[in-house]
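# Just the structure for this:
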Amino acid sequence: MPPAKFKPMKGAKTNTAKTAAAVARLKARWRLENEDAEWEPEKEPIITPMFKSVAGGIPHVIKALRAHDDEDAQAFVESYDGLSRTDRAYVPLEHVAFAAGISSLRLAEVAQTALFLYGQMTTKMLLSSAMPKVMKSTIKAATDEVPIVAGTLACRVVVGRTNGDVRAMEMFHKMSGMMPIPKGSQIAIQVNGADREEKQIESGHTWKYPEERLKEIVAITNPKQLEAPRTVPSDHIHFDANRPMVFER
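Numbering: from 1, shown residues only. A predicted model of the protein is given here:
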């Protein structure tokens, strides 16, 4: 039985060829405005894996960059939009950033800021759009009254109604500002701090910075040096043999 013929992977060659062709088209378009400059996008740091790790991938990063008003972000988006849909799948983002006149690390910084602002504004819009519905549901839960029925199956009489949900009422009051949010935790922290200071004063031990403790330790362990007497050179010093000489530390 003859051995099976070796079949090379056509997909790898095809992707490499498509990438080279897409990069060549980008380079030709860039060369129209930069005739004397050097085409060196290979020297740019790799940032594509960072963008792929974002939730939503590269499309989400591009969406955030479109909503950012930074000049470098707009320059990258303009260069990215100049590519065809097929070339966008094969041209590395580092090449697009180089063609836009910014470094890849600068693109990563701009993208991080754009994602933060985009997420922040999206969150605020979600809160604003859902606030009426949440408030309506809260009011409904706080004001709904369930009838209380008494009697037999043949004759039932409504003898009263239940109140609304107490927790929904409390939430409604807090959301509307009619009930102030308690600050008991802050008061407790202040009281505990005062008790701790009183206990320290009673025991005689007070808290000090590490630098002050270190100075005290050095002062205790190292003996004090004797200071030279402050005398004028012209003065004559007389020593009395009958009096002992005492040096103070």
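
# hey, let's count contacts and neighbours off CA atoms from now on
Noted.

# tell me the helices in this protein, going along the chain?
Assigned by DSSP state H, the helices in the chain fall at 10-31, 48-53, 57-66, 71-81, 85-88, 93-100, 104-143, 166-176, 184-203, 210-221.

# Looking at those, spot the one closest to Arg156.
helix 104-143 (24.0 Å; CA to CA).

# buried stuff in that closest one?
104, 107-108, 110-115, 117-118, 138-139, 141-143 (16 or more other CA atoms under 10 Å).

# do the same with stretch 142-160
For stretch 142-160, by 16+ other CA under 10 Å, it's 142-143.

# Residues contacting that stretch, please?
Here stretch 142-160 makes contact (CA atoms under 8 Å, 6 or more residues apart in numbering) with 161-169, 172.

# again, only using 10 Å
136-137, 161-172 (CA atoms under 10 Å, 6 or more residues apart in numbering).

# now the end-to-end length of it.
Using CA to CA, to the nearest Å, the span of stretch 142-160 from its first residue to its last is 17 Å.

# For the chain, give me the ranges with low pLDDT.
Within the chain, the stretches with pLDDT under 70 are 1-13, 179, 181-211, 213-214, 217-218, 220-249.

# follow-up on the earlier one: now distance to Ala154 too, for the helices of the chain, in CSV please.
CSV is the format used below for the helices of the chain (distance: least, CA to CA, whole Å):
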stretch, distance to Ala154
helix 10-31, 80
helix 48-53, 67
helix 57-66, 64
helix 71-81, 75
helix 85-88, 74
helix 93-100, 78
helix 104-143, 30
helix 166-176, 33
helix 184-203, 54
helix 210-221, 84
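
# Most tightly packed of those helices?
helix 93-100 (a mean of 23; mean count of other CA atoms under 10 Å).

# the inter-axis angle of that helix versus helix 10-31?
With axes from the mean of the first three to the mean of the last three CA atoms, to 10 degrees applied, the angle from helix 93-100 to helix 10-31 works out at 10 degrees.

# Counting by contacts, list what helix 93-100 packs against.
helix 10-31, helix 48-53, helix 71-81, helix 104-143 (3 or more CA pairs under 10 Å, 6 or more residues apart in numbering; DSSP states H and E).

# change it to 7 Å
For helix 93-100, the packing partners by 3 or more CA pairs under 7 Å, 6 or more residues apart in numbering; DSSP states H and E come out as helix 71-81, helix 104-143.

# I'd like to know how many residues surround Ile46.
Neighbourhood size, Ile46 [other CA atoms under 10 Å]: 14.

# Show the contacting residues for it.
If a contact means CA atoms under 7 Å, 6 or more residues apart in numbering, then Ile46 has Glu94 as its contacts.

# Need the phi and psi values for it.
Here is the backbone geometry of Ile46 (degrees, to the nearest 10): phi -80, psi 120.

# any idea how far it is from Thr86?
21 Å.

# hmm, back to that, of all the helices and strands packed on helix 93-100, which lies closest to Trp30?
Checking the helices and strands packed on helix 93-100 against Trp30 by CA to CA gives helix 71-81 as the closest, at 9.3 Å.

# Need the residues that contact that closest one.
With CA under 7 Å, 6+ apart, helix 71-81 has contacts from 65-66, 96-97, 99-100, 102, 110.
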